[in-house]
Each structure stands twice: as C-alpha cells, then as structure tokens.
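[1] No letters, just coordinates:
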Ligand code: FES
C-alpha cells in the first residue's frame, strides 16, 4: 500500500521532468542552429570580401604624392601593407607579412626599420633584410600614380630575392 502511494506520487512528476528535458534539448538545438547559421554567414561574408578585393576594387588609394616626403612610411591597414617613400622620392608598397614565418611587422619610426615581433627579423624602408632569421626581402605590390594619386594593386603581391629600382614607382 505504501509502495503504491509512492508510485502514485512519482508518476505525475516523470512526464513533467521528461517535458522539461525535451525543452532544454530543443533550446540547445536551437542555439546550436543559430550559431551555425551565424558562423556560415560570417565565412561567406569574409570570402565575398576577399573575392571583391580581387575582382572588383583591385586598387587601393594610398593618398596623394604631395602628402609624402622622402623617408615617410605609411601603414595601409585595410590592405595589410605599408607604403614607403624612399630617399629618392620613389614609392614602394610592401607586404606587412614577415618572410620568415609570416608574422605581422610594424614600422619603428625611431629605429627607422620594420620589426618582426616573433623572432626579431628587421627590414629597411625598401623591405630589404637587415637582421635574420628572415632571408629574403618583403613581398611588394605594384604602385601606380595617376594625377598625383597613389594607387596600389593589392591583387598582385610579388615575391623577390633582392631589391632593385624596377620595384618602385616615381611621379
Ligand atoms: S616570423 Fe618574423 S622573424 Fe620569424
């Protein structure tokens, strides 16, 4: 009799517990679905912007010639590169990616060189190695100057083994 009463007390709570568990599982599944959708759309957007950069707007405007003086180095963060104005007023656009293992470089104005935070490689204003372990110069991008406007072809990164003037552009 006592056991029967106990069973009668437990029986109504089991379906309620099952219903609660089902709701929790449904909520978890819904959250996972929403997160998956958000992740997919983020990946598609990133892929589209890379595609647009290649196909549509290949050139990035880097400013006007008269806004630079010899020795200036300007970061172009949207294109992950630097534009340097060399001592002879020639321009060169440099990748900010270290040629050792690919870390992002920064320009040290006081030391007048690019510095890699990972293993200490340094590069001069033209992207030439000053300090190893990097062994080759920074990749560069073609620069065009049209009516005083400096434009960089970001779709066309070029690997090189040494520096020469043909990698630079002048007015
Ligand atoms: S990644 Fe730049 S020195 Fe190693």
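    The structure has been received and is ready for your questions. Predicted model only: the values in this text are computed from it and were never measured.

[2] Now do the same for the nearest residue to residue 159 once chain neighbours are set aside: its pLDDT.
    Spatial nearest neighbour of residue 159, chain neighbours left out: residue 139 (5.4 Å); criterion: Cβ to Cβ, 6 or more residues apart in numbering. From N, CA and C alone the C-beta is placed, and that goes for glycine too. For residue 139, the model assigns a pLDDT of 96.

[3] which ones are touching residue 139?
    With contact taken as Cβ atoms under 8 Å, 6 or more residues apart in numbering, residue 139 is in contact with 94, 95, 97, 99, 127, 157, 158, 159, 160.

[4] near the ligand at all, the strand or helix carrying the first one?
    Pointing back at residue 94 there. Counting by DSSP states H and E, the element that carries residue 94 is strand 91-95. No - when contact is scored as Cβ under 6 Å from any ligand atom, no part of strand 91-95 falls within range of the ligand; the minimum is 12.1 Å.

[5] Which elements pack onto the helix or strand following that strand?
    For strand 91-95, the following helix or strand on the C-terminal side (DSSP H and E) is strand 106-108. Where contact means 3 or more Cβ pairs under 8 Å, 6 or more residues apart in numbering; DSSP states H and E, strand 106-108 is packed against strand 113-115.

[6] buried set for the strand it packs on?
    With burial defined by 16 or more other Cβ atoms under 10 Å, the residues of strand 113-115 counted as buried are 113, 114, 115.

[7] Just to check, the second one is in contact with residue 108?
    What it means is residue 114. Yes - with contact defined as Cβ atoms under 8 Å, residue 114 reaches residue 108; the gap is 7.3 Å.
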